[in-house]
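J.: model this:
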Amino acid sequence: MKQLKLLDLSRNGLRSLEEGIFKGCESLEQLYLDGNNLTTVPTMSLKGLGSIRVLSLSGNNIGSLPRAAFSMLGDSLLRLDLSENELSHMEDEALSGLERLLLLNVSRNDLSRFNSDVFKGAYNLLQLDLSTNFLREFPSDALRHLTDLKFLNMSNNLIDEIDYRHLSSLRELQVLDLSGNNIGRLGFSTFSKLSELIRLDLSLNALRTIDESSFSGLTKLKWLSLQDNNILLVPAVALTRLPSLAHLHMEFNRVAALPIELIEATASNLVTLSLTGNLVREIPAGLFQDFQRLVSIELSGNMLSKITRDTFVGLEETLLELDVSSNRLTSIGEFPLRRLISLNLSGNRLTKIPPETFGHLKRVRYLNLSSNPLYGGFPPVFPSSVLDLDISRTDLNILPSILFRNLESLERVLIAGNRLERIQSGTFSRLVNLSRIDLAGNHIEHIENEAFVGLAGLYELNLRGNRLTLFTGEYFDTGTENGLKSIDEFAFSQLARLRTLDLAANRIESVNELAFHNSTQLHLIDLSGNNIETLSERTMEGLLHLEHLNLRDNRLASLPETIFDPSRVRSVESIDLSGNRLTEIPIRSLQRQIGFLSKLNLARNRIVELFSQEVASNVKELDLSDNPLSEAAIKGILGEAKILRSLNLANTGIERLTVRLETPFLKRLDLSRNKVVNLRKATLERATMLETLNLSGNKLSDLSSLNQAFQTLPALRWLDISGNYMKTVNETDFDGLISLRFLRMANLPNCTRIERTAFKSLGKLRSLAAHDYPKLGYFDVQGILKGMSNLEMLDIEIKDSSVSNEQLSIRTHPRLKEVILRGDRLRSILSSSLVGVRGHKLVFGLKNTSVDSIPAALFFPVPRSTQLELDISGSKFATLSSQFLSALDERTSFIKIKGLRYNPINCNCDARQLWKWLKTTSDDDPSNLVLCSAPSNLAGSILINLAEHRLSCDITSGGSVDEFDDDTTASNHASSLLSSSSFSSDSPSSHSYSSSTVRSTFSEPEIIWTVAPPVLSANRNKHYNSDHATSSPTGSSAGTDDTLIIGIVGGVVAFIALIVIVICVCRFRWSSNRIDQARLAMATATSSIPDASMVRPASAYSGKINHELYLGSYNESTLDRGNATMASSIPAIPHQIMPLVQPPMHLMHTLLTPQTQSPSQSQLQTPQFYGYCDGSLPVYIACSTDTKCDR
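T.: Next up is the predicted model:
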């Protein structure tokens, strides 16, 4: 080992290293110990490595770094990687002795602060990566020793302030990354000391404005990113301080115009300009006239409606890349850009490409026209220089050979998602350089002979999801998800370079014994999902080395004994035989590959007994799930399969585990869906390397006794105890599971108590699924999540009726990528719930809840560059409001909504905005198609397949009631009653307030804001972070543009409410004497009230506030007794008053968007209110001019 220079021991499950293990490795220069289970730095084991230059300990469980941890390597170590550990503390002088260290990486740890002398000793450090930790302050004291530092990455921390004092000692810095923090403003001359800085990244912060002096002193800065900061204007004045700026990135801000000052500030040196995802509507002609070096412009995802010949004047000889995808372009003209190499026009509204468009584009290599409704409106010829052409999703019906006639240099063509039915011979003729063709998702039924003949360099052909019924090796090589019935001999013999063959989901019944003859390079074969009943002994003949053979979901009852004989196929590493009809393991067939076979899947067969342990004892991964195994077979596997790494025995009928697992190398064990009642400590004591354990769906009832078994598993990281019979989860039930990172404990039907302190030892947890507890009365979500700062996935049940940011505490969980909320008690979600999300991707779910609407501002705090996925499966949505969909307009390319089809969608006029949104954003996935639940005549219809005029709330006078849904019929009936002024004496409950918008013949009632008393329960219906408790989206789309506006509106509303309360108190005092005198008279006069409908529910204010505040709302105001002016123009129609204390699901229904009305109907309509309330419930009361309420 004296000559060994590189040693890689990564991902071996090492928990420690013996002292002196590297003795004799004097020449070792690189040592990699990544992905093991080390909890401390192996200081003593590293002695003797005098030549070591690179040491990587990434992906371990190291929690702290002691003083002089690597001092024995100081003479030689240049690079040290401690990323993705669990470092929460580094002692002073932890790096002492590392005088030659140049690069240190401690990213993705749990560091929240640094001591002042932590980097003392590493004086020559040039690169330092502190990204993705929990630092709240810039560690200026700790960095003062690193005067030669040139690269500093502080991204994805929690820093909220930065000024010149923090950076004063880093005068040699060239690259500074501060992205993904919470910096709200830049101080005066923040970077003035960094005269050598070349690259500065300030993306994903909260910089709404940039001060003029912010970039003073950065005379050498060439690359600047201000991406995703909600900036409204290009900081042109500040950019004038950057004379060397060449690359400006301002993606995903709110810039609506490009000012002339930008040109003056950056025209001389700018090379690339990126404004993707802004609000730019127009580019003035000649804007880029003075840009002499600009080679790349990115304007994707804006609101451009036209581009003219003069738009890019001045860039004819310089521009190389132009991206105007995902705009609103309906037509395109000539591009006089003679040096252009890449042009992206995808995702617009183009219906035709004029011939002159490409007249000057003689050098373009990459051309993207996908996702435009072109219907074949292509130019006669494309530029002959094109190498990569994308015409996917352009509604092509025919693929004429003339389309590619002059594209002799073409290497890759994408034609997926069109309506092609056949491929003619000669379509791709003379395209000798073509290596990749994508024809997936068309309607291809027939491919003519010689369609692909002559494509000697063809490397990839995708025909997935077509309608092919015939396979002929003469013209193509794959037909996934088609209708193929057989594979002929020598089908692939001419494809000498073929490595992967995917024939899944066809109707193949037979495979010719010479089908793979001469396919020596074929490594992966997928024949799953077919109808194969038998295979020939010679089927595998002609193959050399097969990495994976997938025969899943066929009809195989046996395998020929010599099918895998080494004389036919040299080696087979992995075989999937799941979902067939095997009654025993085909030992005689598999034992011929026993030296090579490492993975075997026999799930979902009919295996009962294991007559030999030869195969099971020699593979490393074995899946026998969903087989009716005997008790003897289970004992044999658990007691003799000593080299197994992964074992799946799910749903095999196990009732008790009496044998001890003799599997010392086992890492994954699945015992789910059995009938196990208890798990003894002795059963698992030999499986010390076990990392994943699935016990879900058994009959385990005592979690405390299970914990004793868990104590023997020091490496356990993933645990699933869902679907068992536990009644309580106590404080000590998870003690000792210090390595646990993923916990699932869902669907516990008997659970009545979960103690908050039960999770106290799981502070390092990254994923938690805790939901479906029908007998649990209260679930302290906020208390349970406290301390779990590393959470990345949260799937949890909410027992409260509303949820806010304070319960989810997302600010203290900045790494969350997935948040799923469940529970039928949950009725509303507050708009600040997602404040604090900073990731590049977020999956947010409202599954199986009673939520029926989403606040329009819910996603406003989420960065605009974040890829969003919203899952609302199993909730109560009748539609998605126009306000919410309007707020999603700027995220159209970055959001995907799932689960709409599992909601009671009402296809009336309220669904029109949803219909339009789905038309422009829906994909072809059948699982995402939205079905109508109402009205009855449209029930079961696919929403986007309906004509818009069928989405109506009108009921014609001659129409049948059966044609409409119940809600519409009821609303129409109510309107007729009101218009006839025939009032009944029904109780308030008989006139339940409907959320459906109804067209009426009278003006909309006025909306009054008032404030209800505090809710008695301290744990429910709370309002946090200035949120409004609502189950309906509120506010206009402008409310989502700026939280400042929301705050101002909220302040004004609060001020008005305060005035109202003061006046009411005064009126109460003034009228107290009269009330006492009138009580007797009122009591005797009660029986003489002519209209019984005026009897109201008791006030919640309990005598403290005059009841006129409650009843006076019928008179247009809480301050007066009527409004004579309005009374003359609005019919005197009494409206059902709402109680002052309502469940959240009934709040704010009056804020639904009104339907279009004639001017006479809408002229008296009152404005909508949108505000926040703290500590109490906002109540919206419909008001009338009926003066009878004055009683």
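
J.: give me the below-cutoff pLDDT ranges for the chain.
T.: Along the chain, the model assigns pLDDT under 70 to residues 470-485, 487-496, 922-927, 955-1045, 1068-1191.

J.: residue 363: what's it in contact with?
T.: 338-341, 383, 385 (CB atoms under 8 Å, 6 or more residues apart in numbering). Placement of C-beta: from N, CA and C, glycine included.

J.: can we see that at 7 Å?
T.: 339-341, 385 (CB atoms under 7 Å, 6 or more residues apart in numbering).

J.: next, give phi and psi for residue 73.
T.: phi -110, psi 10 (degrees, to the nearest 10).

J.: revised request: answer the last question for residue 759.
T.: Main-chain torsions, residue 759, degrees, to the nearest 10: phi -100, psi 10.

J.: what of residue 720?
T.: Residue torsions, per degrees, to the nearest 10, at residue 720 are phi -130, psi 120.

J.: just residue 783 next, same as before
T.: phi -70, psi -40.

J.: now it. Nearest residue, chain neighbours left out?
T.: residue 756 (3.9 Å; CB to CB, 6 or more residues apart in numbering).

J.: thought residue 340 was touching residue 324?
T.: No: under the criterion of CB atoms under 7 Å, residue 340 makes no contact with residue 324, lying 12.0 Å away.

J.: so those two - more neighbours on which side?
T.: Using other CB atoms under 10 Å as the criterion, residue 340 and residue 324 rank with residue 340 on top: 27 against 23.

J.: check contacts around that one.
T.: So residue 340 contacts 319-320, 322, 361, 363-364 (CB under 7 Å, 6+ apart).

J.: do the same with residue 186
T.: 162, 207, 210-211, 214.

J.: could you do residue 535 as well?
T.: 511, 559-560, 563.

J.: repeat for residue 235
T.: Contacts for residue 235 (CB under 7 Å, 6+ apart) come out as residue 210.

J.: same thing but at 8 Å, please
T.: 209-210, 214, 226.

J.: write a ChimeraX command that selects only the buried members of those.
T.: Typed into ChimeraX, the line below selects the buried ones among those, using 16 or more other CB atoms under 10 Å:
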select :210,214,226
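
J.: a markdown table please, covering the contacts of residue 235 and showing secondary structure and distance to residue 9.
T.: A markdown table is the format used below for those (DSSP: H, G, I helix; E, B strand; the rest coil; distance: CB to CB, whole Å):
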| residue | secondary structure | distance to residue 9 |
| --- | --- | --- |
| 209 | coil | 52 |
| 210 | coil | 49 |
| 214 | coil | 48 |
| 226 | coil | 43 |
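
J.: show me the longest strand that occurs in the chain.
T.: strand 841-849 (DSSP state E).

J.: for that strand, name the packing helices and strands.
T.: strand 818-823, strand 867-871 (3 or more CB pairs under 8 Å, 6 or more residues apart in numbering; DSSP states H and E).

J.: most tightly surrounded among those strands?
T.: Per residue and on average, the most neighbours among the helices and strands packed on strand 841-849 fall to strand 818-823, with a mean of 22 (mean count of other CB atoms under 10 Å).

J.: ok, back up a step: put the buried members of the contacts of residue 340 into a ChimeraX selection.
T.: Burial among those is assessed by 16+ other CB under 10 Å; the matching ChimeraX selection reads:
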select :319,320,322,361,364
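
J.: isn't residue 950 right up against residue 932?
T.: No: taking contacts as CB atoms under 8 Å, residue 950 lies outside contact range of residue 932: 9.8 Å.

J.: who touches both of those two?
T.: The contact lists of residue 950 and residue 932 share 907, 938, where a contact means CB under 8 Å, 6+ apart.

J.: of these two, which one has the most company?
T.: Taking neighbours as other CB under 10 Å, residue 950 and residue 932 compare with residue 932 leading, 25 against 14.

J.: gap between that one and residue 942?
T.: 8 Å (CB to CB, to the nearest Å).

J.: repeat for residue 119
T.: Distance from residue 119 to residue 942, by CB to CB: 62 Å.

J.: the two: which has the busier surroundings?
T.: A direct count of neighbours by other CB under 10 Å for residue 119 and residue 942 places residue 119 higher, at 27 against 15.

J.: tell me the contacts of the more buried one?
T.: Taking CB under 8 Å, 6+ apart, we find residue 119 in contact with 95, 125, 128, 142-143, 145-146.

J.: give me phi/psi at the spatially closest residue to it that is not a sequence neighbour?
T.: Excluding the flanking residues, the one nearest residue 119 by CB to CB, 6+ apart is residue 145, at 5.2 Å. Backbone torsions of residue 145, given as degrees, to the nearest 10, read phi -80, psi -20.

J.: tell me the buried residues in stretch 720-738?
T.: Neighbour-count burial for stretch 720-738 [16+ other CB under 10 Å]: 720-724, 726, 728-730, 733-737.

J.: export those residues to JSON lines and tack on distance to residue 266 and secondary structure?
T.: Listed next are those as JSON lines, based on distance: CB to CB, whole Å; DSSP: H, G, I helix; E, B strand; the rest coil:
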{"residue": "720", "distance to residue 266": "55", "secondary structure": "strand"}
{"residue": "721", "distance to residue 266": "59", "secondary structure": "coil"}
{"residue": "722", "distance to residue 266": "57", "secondary structure": "coil"}
{"residue": "723", "distance to residue 266": "61", "secondary structure": "coil"}
{"residue": "724", "distance to residue 266": "63", "secondary structure": "coil"}
{"residue": "726", "distance to residue 266": "64", "secondary structure": "coil"}
{"residue": "728", "distance to residue 266": "65", "secondary structure": "strand"}
{"residue": "729", "distance to residue 266": "60", "secondary structure": "strand"}
{"residue": "730", "distance to residue 266": "64", "secondary structure": "coil"}
{"residue": "733", "distance to residue 266": "61", "secondary structure": "coil"}
{"residue": "734", "distance to residue 266": "57", "secondary structure": "coil"}
{"residue": "735", "distance to residue 266": "60", "secondary structure": "coil"}
{"residue": "736", "distance to residue 266": "60", "secondary structure": "coil"}
{"residue": "737", "distance to residue 266": "56", "secondary structure": "coil"}
